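Undergrad: Sequence isn't available, so here's the structure alone:
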């Protein structure tokens, strides 16, 4: 029986030396140590032997088993390492070959414009305030001093969810919300999306963006409004930019004005961009009407303030020389990539 164990070990060594794959090593393991393996059969036959022979044979069998398992483990690791080396050689990367060019994204011009406006006003101490796209009719019209027969209340002017809920046609609806929510005094800027029943053309869209500015504090005057907007215009369009305020009417501001900037293309001499006038209208503004402050529970004897509303698309089109607003919504990367 001892000779049989020695022969079994020699044959196993030879087979392991010739094994080239993990499947080969597993086949050898089963042949030796499996349920019907050679060593297993020897161990099972020991029950018929006398105690002394059984003890001696058991020690020899365990020694063979231990040595075989060590050889097997060593061979398995060797086969794995050779397979890994072969795979690395097959998958070798040629580092001298030029890599694929990485395509970098670019912010949309509307996003760039909003971020630039926010950055300008943040430098003046303004905070960003956001409101919902879907708001109440009260916040959108009634609270902003627009009577029920105001043209903006016409169902054809905006999108109504129901008689009391509307898709906001302007970010001014956040003015009432801010007055009720924020502690005084405050300076806020409100960027957001708006909706109106406009027929899309080169200068109109049913969905667009606005940025609202609102300040409430003691002793706020029209001079603060004009100074803030003049600073913004110079930051947006260049230090040589001039501003002009023309009287206008908005129900939620009094006095109200529209602001023009000197044409940045011709310098005020007159061209196709400014239609020969030398000036370009960019926003509406005014001192917040006392009725609006009262809706928000603000003491109109102590506090005053101003509000400004500007269209982001209009600013972007003027700043980047875009002649059709629809280009901003087509998601054509050939167009968007120009603004890197």
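TA: Yep, that arrived. The structure presented is a predicted model; accordingly, all values stated were derived computationally and were not measured.
Undergrad: The stretch 151-300 of the chain: strands as residue ranges?
TA: Counting by DSSP state E, counting those that start in this stretch, the stretch 151-300 of the chain has strands at residues 159-162, 165-167, 186-195, 207-217, 243-250, 253-262, 279-288.
Undergrad: Residue 333 is nearest to which of the ones you listed?
TA: Residue 333 sits nearest to strand 207-217 of all the strands of the stretch 151-300 of the chain, at 20.3 Å, using Cβ to Cβ. (Each C-beta comes from the backbone N, C-alpha and C, glycine too.)
Undergrad: What pairs with the closest one, parallel or antiparallel?
TA: strand 186-195 (antiparallel), strand 304-311 (antiparallel) (DSSP bridges).
Undergrad: Format the strands of the stretch 151-300 of the chain as TSV; extra columns: mean neighbour count.
TA: Conversion of those to TSV gives the following (neighbours: other Cβ atoms under 10 Å):
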stretch	mean neighbour count
strand 159-162	12
strand 165-167	19
strand 186-195	20
strand 207-217	21
strand 243-250	15
strand 253-262	21
strand 279-288	21
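Undergrad: Now render the strands paired with strand 207-217 as CSV, adding mean pLDDT and distance to residue 109.
TA: Output for these, formatted as CSV (pLDDT from 0 to 100; distance: least, Cβ to Cβ, whole Å):
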stretch, mean pLDDT, distance to residue 109
strand 186-195, 95, 14
strand 304-311, 94, 13
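Undergrad: can you redo the ones you listed as TSV with distance to residue 272?
TA: Formatted as TSV, the strands paired with strand 207-217 follow (distance: least, Cβ to Cβ, whole Å):
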stretch	distance to residue 272
strand 186-195	28
strand 304-311	20
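Undergrad: can you tell me which of those strands comes nearest to residue 121?
TA: strand 186-195 (4.6 Å).
Undergrad: Now stretch 209-224: average pLDDT?
TA: Average pLDDT, stretch 209-224: 95.
Undergrad: now the end-to-end length of that stretch.
TA: The first residue of stretch 209-224 is 25 Å away from its last residue (Cα to Cα, to the nearest Å).
Undergrad: Stretch 141-160 too?
TA: 12 Å.
Undergrad: buried residues in it?
TA: 141-146, 153, 158-159 (16 or more other Cβ atoms under 10 Å).
Undergrad: same thing with stretch 213-231?
TA: For stretch 213-231, by 16+ other Cβ under 10 Å, it's 213-216, 220, 224-226, 228-230.
Undergrad: Ok, stretch 22-32 next?
TA: Applying 16+ other Cβ under 10 Å to stretch 22-32 flags 25, 28-29, 31-32 as buried.
Undergrad: So residue 187 versus residue 236, what's the distance?
TA: Applying Cβ to Cβ, to the nearest Å, the value for residue 187 to residue 236 is 18 Å.
Undergrad: Just confirm residue 216 contacts residue 288, I think it does.
TA: Yes. The criterion here is Cβ atoms under 8 Å, and residue 216 meets it with residue 288 at 7.2 Å.
Undergrad: Please enumerate the shared neighbours of those two.
TA: With contacts defined as Cβ atoms under 8 Å, 6 or more residues apart in numbering, the residues shared by residue 216 and residue 288 are 304-305.
Undergrad: Show me the chain divided up by domain.
TA: As assigned by automatic domain parsing, the chain contains the domains 2-90, 109-339.
Undergrad: could you dump those to a markdown table with distance to residue 103?
TA: Output for these, formatted as a markdown table (distance: least, Cβ to Cβ, whole Å):
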| stretch | distance to residue 103 |
| --- | --- |
| domain 2-90 | 30 |
| domain 109-339 | 9 |
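Undergrad: Do me a favour and get the end-to-end distance for stretch 239-255?
TA: Terminal-residue distance, stretch 239-255 (Cα to Cα): 27 Å.
Undergrad: about what we covered before: nearest to residue 323 among the strands of the stretch 151-300 of the chain would be which one?
TA: Smallest distance to residue 323 across the strands of the stretch 151-300 of the chain (Cβ to Cβ): 13.7 Å, for strand 279-288.
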